[in-house]
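Predicted model follows, preceded by the sequence.
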Amino acid sequence: MGPDICPEVLLSKMDGQYYTDLYLTGKYDWKNVVAFLHAGVKCVKMNDYMSLPAENMKEFFDTLFRFKVKFVWIVTDNYEESWLFSAQKTFNDAGITAEYVSYKERYCPEVIVTSGNEKIRIIGNTFVDGPEFMPDSDDSDYEEEYDEFEYDEFY
């Protein structure tokens, strides 16, 4: 994404919205994410830089929930941990169960939202270094632990 990309024009050139995963990179606004959502999107991963002002957080997370996105991963350069707390508050204020979870220090913290049989996982990027930079760690140890971290239950 970039300032020269117009989501409406790009969408008009596509042969329908059949994708289930949405990955955004570059510099973009939260409204660009919303523009590409449709009923079949299960996973949204946001990279690089996403503009998400505090006054728009509630609308952003409400929209993700309304589209029943199962897995949201925010790994933007400008990510702030307050985004997860805002997501949790948005859902809890609406009477929807949202629990803040942090499994291990190596994994990103997340909010798990549950409403009836619907479950949404929102993960935020808060760690800076990969396993190769962590003391007393090697990649094989990391891969083994990472395999235990189940994503399939949300698809």
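Looks like it came in fine.

Verify the contact between residue 57 and residue 91 for me.
No. Contact criterion C-beta atoms under 8 Å: residue 57 and residue 91 do not qualify, at 11.5 Å. Any C-beta I mention is one placed from the backbone N, CA and C, and that applies to glycine too.

what's the single longest strand in this structure?
Using DSSP state E, we find that the single longest strand of the chain is strand 43-51.

what's next to it, contact-wise?
For strand 43-51, the external contacting residues (C-beta atoms under 8 Å, 6 or more residues apart in numbering) are 20-30, 33, 37, 64, 69-78, 155.

Let's see the ChimeraX selection covering just the buried ones among those.
For selection in ChimeraX, the members of these meeting the burial criterion (16 or more other C-beta atoms under 10 Å) are listed in this command:
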select :22,24,27,28,29,30,33,37,64,69,70,71,72,73,74,76
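
Out of the contacts of strand 43-51, list just those in helices.
In helices, defined here by DSSP state H, the members of the contacts of strand 43-51 are 30, 33, 64.
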